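Asker: can you look at this prediction? I've put the sequence above it.
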Amino acid sequence: MSSSLPTLGFVGIGLMGLPMCQRLLAAGYALHVWNRSADKCSPLLAQGAVLEPSPAELCAKVDLVMVCLADTAAVRAVVFGPGGIAEQAKPGQLLVDFSSLDPAATREMAAELEARSGMRWVDAPVSGGVQGAESGSLAIMAGGREEDVERVRPLLTHLGQRLTRMGDVGAGQVTKVCNQMLVACNALVIAEVVALAERAGVDAELLAPALAGGFADSKPLQILAPQMAESRFEPIKWHVRTLLKDLDTAVKLAREQGGATPMSGLAAQLMRLHGSQGHLEQDPATLVSLFREQTP
């Protein structure tokens, strides 16, 4: 392994974090990891990663800390909570956050972390799902100082096919909100389409191949329509709760900017209804059940 490679820390070994870490280890990086449930780190330890007892101790041993967590509260806790990153942060270090968070909260946390320690923040949410994380084909949308984004560009080439700097800190999160508005609304329409085709006597399993390459085609269509048509809801590749959280962020952001998001607002209501029926931790392919005829 080249000594010129930075030593990395990764906090949050979940559906996305695990394959991302596996790619970084395969690329030859020294990797220190922490996760609230330490057992999820086991596959990485077998590949040579080092498990740390806290985010603070992880931060003390690395040049760059990456975070991939569920929501704003989770990121705030690992950065500023007891045993958090901020306790050992120092000038010259970078925090790269792959999570999908509230843009305003991201800017506030970045400013606080830099004021307290000199450690700077790059928000770099990703799109492409678990499949993209496994193949290194994620789309990465970044917010931060230009020199900080360029500093991590060589590292992020192992994770994504494209890294675009969208502006200062928080701009990556705004872009991810836009991404999730498109994905979530698309997923709900696909669910409507599959249910309608079934009700009208058309084999819904033929929809994705029939529409491939046309104006209606999309990655969500090719992934979700076959799953919905076959009622194939496992393995879970992403969660309904994630789309709901991001839709709520979209509505909040639009309100802050004095705009309106009627489509995304309706999508949030439908997603919340679906979640309230016990589907929050399930795959969005289960959305088709909202539109199928319910049998008593």
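Answerer: Great, that's in hand.
Asker: only C-alpha atoms for contact and neighbour calcs from this point on.
Answerer: Will do.
Asker: mind listing the helices for the stretch 151-296 of the chain?
Answerer: Secondary structure of the stretch 151-296 of the chain by DSSP state H, counting those that start in this stretch: the helices cover 171-199, 207-211, 219-229, 240-256, 262-274.
Asker: leaving out the residues flanking it, which one is nearest to Glu87?
Answerer: Leaving aside its sequence neighbours, Glu87 sits nearest to Ala56 (Cα to Cα, 6 or more residues apart in numbering; 5.8 Å).
Asker: got the domain boundaries for this structure?
Answerer: Using automatic domain parsing, the domain parsing of the chain gives 8-168, 174-290.
Asker: what residues sit buried inside stretch 281-296?
Answerer: By neighbour count on 16 or more other Cα atoms under 10 Å, the buried set for stretch 281-296 is Gln282, Asp283, Pro284, Ala285, Thr286, Leu287, Val288, Leu290.
Asker: how far off centre is it?
Answerer: Its chain's C-alpha centre and that of stretch 281-296 lie 23 Å apart, by Cα atoms, centre = their mean, to the nearest Å.
Asker: and for it, what's in contact with it?
Answerer: Contacts to stretch 281-296, defined as Cα atoms under 8 Å, 6 or more residues apart in numbering, come from residues 187-188, 191-192, 194-196, 224-225, 227-228, 231-234, 236-241, 271, 274, 279.
Asker: so where is the chain shaky, pLDDT-wise?
Answerer: 1-3, 294-296 (pLDDT under 70).
Asker: remind me, longest strand of the chain?
Answerer: Longest strand in the chain by number of residues (criterion: DSSP state E): strand 160-167.
Asker: and that one, which strands flank it?
Answerer: Its sheet considered, strand 160-167 pairs with strand 138-143 (parallel) by DSSP bridges.
Asker: and the partner strand, how far out from the chain's middle?
Answerer: 10 Å.
Asker: relative to helix 171-199, how tilted is it?
Answerer: Here the directions of strand 138-143 and helix 171-199 differ by 140 degrees (axes from the mean of the first three to the mean of the last three Cα atoms, to 10 degrees).
Asker: in strand 138-143, what's buried?
Answerer: Buried residues in strand 138-143, counted by 16+ other Cα under 10 Å: Leu138, Ala139, Ile140, Met141, Ala142, Gly143.
Asker: against Leu206, how distant is the first one?
Answerer: What it means is Leu138. For Leu138, the distance to Leu206 (Cα to Cα, to the nearest Å) stands at 27 Å.
Asker: just the fourth one next, same as before
Answerer: Noted for Met141: a distance of 34 Å to Leu206, by Cα to Cα.
Asker: the fifth one now?
Answerer: For Ala142, the distance to Leu206 under the criterion Cα to Cα works out to 37 Å.
Asker: same thing with the third one?
Answerer: Between Ile140 and Leu206 the distance, using Cα to Cα, works out to 32 Å.
Asker: same deal with the second one?
Answerer: Distance, Ala139 to Leu206, by Cα to Cα: 28 Å.
Asker: and what of the last one?
Answerer: Between Gly143 and Leu206 the distance is 40 Å, computed by Cα to Cα.
Asker: for the nearest residue to Pro125 once chain neighbours are set aside, what are its contacts?
Answerer: Distance criterion Cα to Cα, 6+ apart; nearest residue to Pro125, sequence neighbours excluded, is Phe98 at 4.2 Å. Residues near Phe98 by Cα under 8 Å, 6+ apart: Met66, Val67, Cys68, Leu69, Asp123, Ala124, Pro125, Val126.
Asker: for Gly9, state which of those is nearest.
Answerer: Within the contacts of Phe98, the smallest distance to Gly9 is 5.9 Å, found for Met66 (Cα to Cα).
Asker: tell me the contacts of that closest one?
Answerer: Residues in contact with Met66 (Cα under 8 Å, 6+ apart) are Leu8, Gly9, Phe10, Val11, Leu95, Val96, Asp97, Phe98.
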